[in-house]
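S.K.: Using only what follows, build the 3D model:
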Amino acid sequence: MTWNPDQYERFKAERAQPFHDLVALIEKRPRMHVVDFGCGTGELTRLLHEHLSAEETMGIDNSETMLLKSSAFGGEMVHFAQGDIEAFVADRPFDLVFSNAALHWVEEHEALFTKLASFLGPHGQLAIQMPANEDHASHAVAREVAQSLGHAPRISSVLPVERYATLLHRLGFARQQVRMQIYGHVLDEARDVIEWVRGSLLTDYQQRMSEAEFTRFLEAYEQRLLPILGDARPFFYTYKRILIWGSF
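M.R.: Numbers count the residues shown, from 1 in each chain. As a prediction, this is how the structure comes out:
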């Protein structure tokens, strides 16, 4: 999938808060070895590394355009590599498997979480945050418009929140925190919601359409979405996310 870092980071501060809330769940331990799946530009990976005073941190992302910016945040003990989460193979155990706003792009979460857990050593920790906003108009209308134009809608792989608690228990995590959290983002106007999802959700639709098709999609999306959202200024955009932490 081709990502536009500049579009994604238009709402950089708002997108960062769930990261900080997820990091707050992690227990700091000496000399941690960390892997961050879906590291993006690497800026937050660097913050994670510094917050934990980690021994070594590896960031993995499948987007070449995102990783082009990672050189500014790398270092002797912070490394970045291009690759798919599904294809990743570890040559040693990690103390923390971390992923912020990335795993909702990966299918088959029960198998995925089983694999991620296998990367952890004794007393290892798993920390994951994923958007779960599929029932919001910004996402539902995208599915409807895609179908009306003859394109397959994006179907989220995210499970009901309670399934993750059950899954962590089954995988042997002795302690866990799993919660749904609603983030409220105050945007200048409803139209900004379109700019928000253009940096994330709509990237998938753009990837699967020609330029002309995506232009038609955006026009139809705007025409259908804005009357639903209304014209309040500022506009309060609610966004649900699942935060998951577990430790063996």
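S.K.: residue contacts, residue 169?
M.R.: By CB atoms under 8 Å, 6 or more residues apart in numbering, residue 169 lies in contact with residue 176. All C-beta atoms are positioned from the backbone trio N, CA, C, and that covers glycine.
S.K.: what's the helix or strand for it?
M.R.: Using DSSP states H and E, residue 169 sits within helix 161-170.
S.K.: Which is the succeeding secondary structure element to that helix?
M.R.: Following helix 161-170 toward the C-terminus (DSSP H and E): strand 175-187.
S.K.: Look up the residues forming beta bridges with the residue lying closest to residue 234 once chain neighbours are set aside.
M.R.: Leaving aside its sequence neighbours, residue 234 sits nearest to residue 186 (CB to CB, 6 or more residues apart in numbering; 5.0 Å). Beta-bridge partners of residue 186, counted by DSSP bridges, are residue 236.
S.K.: Tell me the confidence at residue 186?
M.R.: Listed pLDDT for residue 186 reads 94.
S.K.: Equivalent analysis for residue 80, please.
M.R.: What the model reports as pLDDT for residue 80 is 96.
S.K.: for this protein, which residue is closest to the average position?
M.R.: For the chain, residue 101 is the residue whose C-alpha lies nearest the centre (CA atoms, centre = their mean; 1.1 Å).
S.K.: for that residue, what are its contacts?
M.R.: 15, 18-19, 38, 129-131, 200, 241.
S.K.: Between the residues you listed, which sits nearest residue 47?
M.R.: Lowest distance from residue 47 to those (CB to CB) belongs to residue 19, with 7.9 Å.
S.K.: Can you classify the closest one by secondary structure?
M.R.: helix (DSSP: H, G, I helix; E, B strand; the rest coil).
S.K.: thinking the residue nearest to residue 234 is in contact with residue 236, fair?
M.R.: Yes: with contact defined as CB atoms under 8 Å, residue 186 reaches residue 236; the gap is 5.9 Å.
S.K.: Filter the contacts of residue 101 down to the ones in strands?
M.R.: Taking DSSP state E as the definition of strands, the contacts of residue 101 contribute 129-131, 241.
S.K.: CSV for the residues you listed, including pLDDT?
M.R.: Below are the ones in strands among the contacts of residue 101 laid out as CSV (pLDDT from 0 to 100):
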residue, pLDDT
129, 98
130, 97
131, 96
241, 98
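S.K.: Most neighbours among those residues, please name it.
M.R.: residue 130 (27 neighbours; other CB atoms under 10 Å).
S.K.: which residues touch the residue nearest to residue 234?
M.R.: Contact partners of residue 186, counting by CB under 8 Å, 6+ apart, are 234-237.
S.K.: If any of those residues are buried, give me the PyMOL selection for them.
M.R.: In PyMOL, this line selects whichever of those come out buried by 16 or more other CB atoms under 10 Å:
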select buried, resi 235+237
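S.K.: Take the contacts of residue 186 and write them to TSV, including pLDDT.
M.R.: Output for those, formatted as TSV (pLDDT from 0 to 100):
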residue	pLDDT
234	96
235	96
236	97
237	96
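S.K.: which of the contacts of residue 186 lies closest to residue 167?
M.R.: residue 237 (29.3 Å).
S.K.: all helices in the protein, in order from the N-terminus.
M.R.: Applying DSSP state H to the chain gives helices spanning 5-8, 12-23, 43-52, 64-67, 109-118, 137-148, 161-170, 191-198, 201-207, 211-229.
S.K.: In TSV: those, plus distance to residue 86.
M.R.: Below are these laid out as TSV (distance: least, CB to CB, whole Å):
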stretch	distance to residue 86
helix 5-8	22
helix 12-23	22
helix 43-52	19
helix 64-67	17
helix 109-118	7
helix 137-148	23
helix 161-170	17
helix 191-198	24
helix 201-207	16
helix 211-229	26
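S.K.: Right, I'll leave it there.
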